[in-house]
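A.B. asks: Got a predicted model here, sequence first, then my questions.
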Amino acid sequence: MNETYVDILVIGAGPAGLAAAQAARESGIENLLVLERENEPGGILRQCIHNGFGLHRFREELTGPEYAQRDIDAVRAMGIPVECGCTVLSVSPERVVTCVSRTKGFRVFRAGAVILAMGCRERPRGALCTPGTRCAGIYSAGTAQRFVNLEGYMPGRRVVILGSGDIGLIMARRMTLQGAKVLACVEIMPYSSGLNRNIVQCLEDYGIPLLLSHTVTDIRGRDRLEGITVSKVDENRNPVPGTEIDYECDTLLLSCGLIPENELSAGAGVRMSPATSGPMVSESFETSVDGIFACGNVLHVHDLVDHVSAESLKAGHAAAEYIRGNRPGGETIPVCDGEGVRGTVPQSIRKGAAGPVDLMFRPSGVFRNASAVVENDGREILRKKAMIFTPGEMSVVTLKEENIRSLTSGKLTVRIERS
Amino acid sequence: MKREITCINCPVGCRMTVELSDDGTFLSVTGNTCPRGAKYAQQECTVPTRTLTAVIQVPGSPVPLSVKTASPVPKERIFEVMQAISTAEVSLPVRAGQVILKDVLGTGSDIIATRSLDT
Amino acid sequence: MMKTDILIIGAGITGTAVARELSRFRAHISVIERGADIAEGATKANSGIVHAGYDALPGTKKAFFNVRGAAVYGNLCASLGVPYRRCGALVVGFDESDRAALERLKERGRTNGVPGLEILEKEALSALEPSLNPEASCALNVPGSAIVSPYELAFAMADDAALNGVEFRFGEDARSVAPDESGAGWIVDTGSSRYQCRAVINCAGAFGAELHNMISPEKLTMVHRRGQYYLLDRAETLPFSRTIFQCPNAMGKGVLVSPTVHGNLLIGPNAEDIENPLDTATTPEGLSFVLRTAQRTWPFLSVRTNITNFSGIRAHLNTDDFAVGAVSGCENAYEAIGIESPGLSSAPAIGEYLAAMVAEDMGLKRKDEIAAYVPGPKPFHEMTGEERDAAVRSNPEYGNIICRCEVVTEAEIRTAIRRPVGARTIDGVKRRTRAGMGRCQGGFCMPRVAEILSEELDCGILSVTKDGGASRILCDTVENMLKEAGRDE
């Protein structure tokens, strides 16, 4: 089949892909193409009609569609082609990309560099092994959000939310405002992974109880959901008998975590991190496969879109540099998770890299008045104190150029130290 | 009169105690660890406001129109404002930022479109 | 009153097999089904194994139909375009008493006429199946064991039957069966309709004994034996290439670990006798039993990649055998009930046998011409680049990927709805196309499938159901619910 060459092919026109494309163009890449499977660019922001986006990047509070529109406008102004309704089917290690669309059929591209920006998906019920029947009325929070905000339909009237991730909290408020009754938000962990702001403004404002250390232990209803049972869990997350609470409800929304969507990455032979479920990348967001980059939620799940954009701008610049043959040299230093830390990105740094480099990670629990410590070969090179580290918020420590220059062989470790 | 509230400014989530007079006047706050917390506590206990977002069906459009209050509205009027938004009549095309309802329910806040819809 | 020559009750794997075979004869045939689709009972929730036939006791109907069914399976699936793979099986033993049991199975298999059985020793096992528990000391090798997609076979047989004139009616629950005025035929009442037929065939699965006992003086007792499963995500390489059984016991063939024809790994079932034949819930006890037991086969088993759990109900008769043939003490009434394992393996043979018996008794003539069932095109997921290119050129709807996990296109979903016995529900589309079967379990594609269903069926999206009945996926428009809330205040 005929192959079309592009310098940089960006997969996904959500906030990550759009930012990466802008950066690549700013760095002088003319032959650039963004492919998007939905019929409009903007990614999941299109259905996030609530506000609270953009405070870091634009210094103002925007709704999801407004935030997306800024990137869409910018990409349009730069004349970057974005093709919607086009699903990428495969990416090879040689960066041959196949895709299909209604209007242009099946096509093959060969790309100088590929930027993976496919985003993430929600964990389904199966991942939780929740017992009970398999009736209608059980949806992931994002599916419900799509129905309500993009299709204009309500999935149910009496709702329980399992998981206190931000989408679940946002949907608790959304369903309530639209006239549904949200009975409870149930969280298996002793803390919520959602933002305080969402707990206050989405649950407390409407008197919706947040049940920490609880989970759903039974689901009833043959055709449509009729009720669920919620139980308290012990330290090992096992249900405690005798603590059952029954709820009569027709809808159960699951907000139990997000997983980077890496089917294409795996097909390209990209090495994956078990901690993030995303590709392992260097400080320039290049994966283990030459010329394939990754950014945004496909790399690791973020809390704030502002951070997705910032990261993706860097990835776009790096891909452009790669096309021009500029690649940081020097020894590769692996970056490892230490105590209290999970899923540090990037997973390696080249000694010749220009600084600064952000080390992003999730604390494995809640730590108050603690420090994030970066060590190279057992030698402390950086320390950052904070009043709180929580799994609900991605933490960042920034290596300056002089930190990178001073790295010696051996690994770099990030850990959290209690004071 | 005392009120307990959680600060929403950052992940620390300080539990603050606000002292109010009987007529609801703000007197003092304790438990905050920064000035932003104090400011939030005072605002939240005297004139709590929220930015409200919603969707409106637009005849001829398969996708509903997302809208927001251009400025925050009093928290206790949220449900009323939702009802007011549901009565809005909109026709295609719509531009992002377009005013859908002027000064909704006399709150001083306009309802504006947060996306564009073409015909 | 609807009149028909032959009324088949139940559209599971057995009912559809019988219907397909009978559709070759000159008669008016109707199938009624209480569910919203084909394959709504045990057919949609079982292990998907075509057993070679070593397990059933010689001389039983189970043994007879299993061996005959297994022999025709490959050709039948090929002609109907149904996924089937002869992946082989190992029945694994851990000690000397297991070895003795395996020897007995081998002997039984030989008596039943199953070729190729042999006992393998420990050393051979790790070479064949490296993930197998190293504590396994021996195994019965069953090269003839196969895997199949049970509901896809039922769909294809139903489509074939429908093409040849058989009428399918859903949501029809046979509540009573009684002789008609002439005494030679039957009246079947479903509450919403009454059917008068010359012959009735009971393929009612979990409800088979109930219907049998309405008309036969010889009563049967049925036990509803539930089995729960885990279905793990697809992977490039699965830990097992064969179906791995443990030594069978009184409750069944035990917990198996098996690849599926679609590249998932299936783990289950347990066996628990329950009261309600519709209670297909999973339970913490059942699932943890399955997990613990399967870990004996595969010590590294983890449910980290689990994508769904489900349970199915086997219809076990107290006779411990199938009841296939004329209903004792009745004229013009036939049955195939108690079709628990190896029922899937036996279904093609049962269909052939029962159809021949009914046709002979009724003096039916074979049709001169049979409408040939042409399997649908290869799934887009399995096409090469060139084939995909050609597919989109011929139909642009192939260019619209609806289910991203399983790569299912709009064209395939519309085709599934337009099949002779087409999908009417979200689950119906899912089982016919795999849209929503993948790792996100419909999170992304379900709203789009619902939209396509509402277009094709020309109904509002609010009336689209997950699986028929009251299983609507949505309750109202955003607008209406808000207005309702305003009125309530």
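C.D. replies: Looks like it came in fine.

A.B. asks: Run through who's touching the longest helix belonging to chain B.
C.D. replies: Longest helix in chain B by number of residues (criterion: DSSP state H): helix B:35-46. Outside helix B:35-46, the residues that touch it by C-beta atoms under 8 Å, 6 or more residues apart in numbering or on different chains are B:3, B:5, B:7-10, B:14, B:16, B:18, B:20, B:24-26, B:29, B:31-32, B:49. Bear in mind the C-beta positions are built from the backbone N, C-alpha and C, glycine included.

A.B. asks: chain center to that helix: distance?
C.D. replies: Centroid separation for helix B:35-46 versus its chain: 16 Å, with C-alpha atoms, centre = their mean, to the nearest Å.

A.B. asks: how is chain C carved up into domains?
C.D. replies: C:87-146+C:224-313, C:380-478 (automatic domain parsing).

A.B. asks: And for chain B?
C.D. replies: The record's domain parsing of chain B by automatic domain parsing lists B:2-46, B:53-113.

A.B. asks: Which stretches in the stretch 151-300 of chain C count as strands?
C.D. replies: With DSSP state E, counting those that start in this stretch, the ranges of strands along the stretch 151-300 of chain C come out as C:167-170, C:176-179, C:186-189, C:194-202, C:222-232, C:243-246, C:256-259, C:265-268, C:272-274.

A.B. asks: Compare those strands and give me the one nearest residue C:68.
C.D. replies: strand C:194-202 (19.0 Å; C-beta to C-beta).

A.B. asks: May I have the closest one as CSV, with CA atoms only?
C.D. replies: This file holds the C-alpha atoms of strand C:194-202, laid out as CSV (Å, rounded to 0.1, in the frame of the first residue of the first chain):
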residue,chain,number,x,y,z
ARG,C,194,-51.5,-18.8,22.8
TYR,C,195,-50.0,-21.3,20.4
GLN,C,196,-51.6,-24.3,18.9
CYS,C,197,-49.2,-26.8,17.5
ARG,C,198,-49.2,-30.4,16.2
ALA,C,199,-46.0,-31.1,18.0
VAL,C,200,-44.2,-29.4,20.8
ILE,C,201,-40.5,-29.7,21.6
ASN,C,202,-39.3,-28.7,25.1
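
A.B. asks: What pairs with it, parallel or antiparallel?
C.D. replies: strand C:2-9 (parallel), strand C:186-189 (antiparallel), strand C:333-337 (parallel) (DSSP bridges).

A.B. asks: Report the mean per-residue pLDDT for that strand.
C.D. replies: Strand C:194-202 carries an average pLDDT of 98.

A.B. asks: Off-centre distance for that strand?
C.D. replies: Strand C:194-202 sits 24 Å away from the centroid of its parent chain (C-alpha atoms, centre = their mean).

A.B. asks: Identify the residues contacting it?
C.D. replies: With C-beta under 8 Å, 6+ apart, strand C:194-202 has contacts from C:1-10, C:15, C:18, C:30, C:32, C:177, C:180, C:184-189, C:208, C:211-212, C:327, C:332-337, C:354, C:358, C:361-362.

A.B. asks: I'd assumed residue C:355 was in contact with residue C:21.
C.D. replies: Yes: between residue C:21 and residue C:355 there is a contact under C-beta atoms under 8 Å: 3.3 Å.

A.B. asks: For whichever residue of chain C sits closest to chain A, which non-adjacent residue is spatially closest?
C.D. replies: Going by C-beta to the nearest C-beta, chain A is nearest to residue C:485 of chain C, at 3.0 Å. Leaving aside its chain neighbours, residue C:485 sits nearest to residue A:179 (3.0 Å; criterion: C-beta to C-beta, 6 or more residues apart in numbering or on different chains).

A.B. asks: The one you found contacts residue C:487, correct?
C.D. replies: No: counting by C-beta under 8 Å, residue A:179 stays clear of residue C:487, with 9.8 Å between them.
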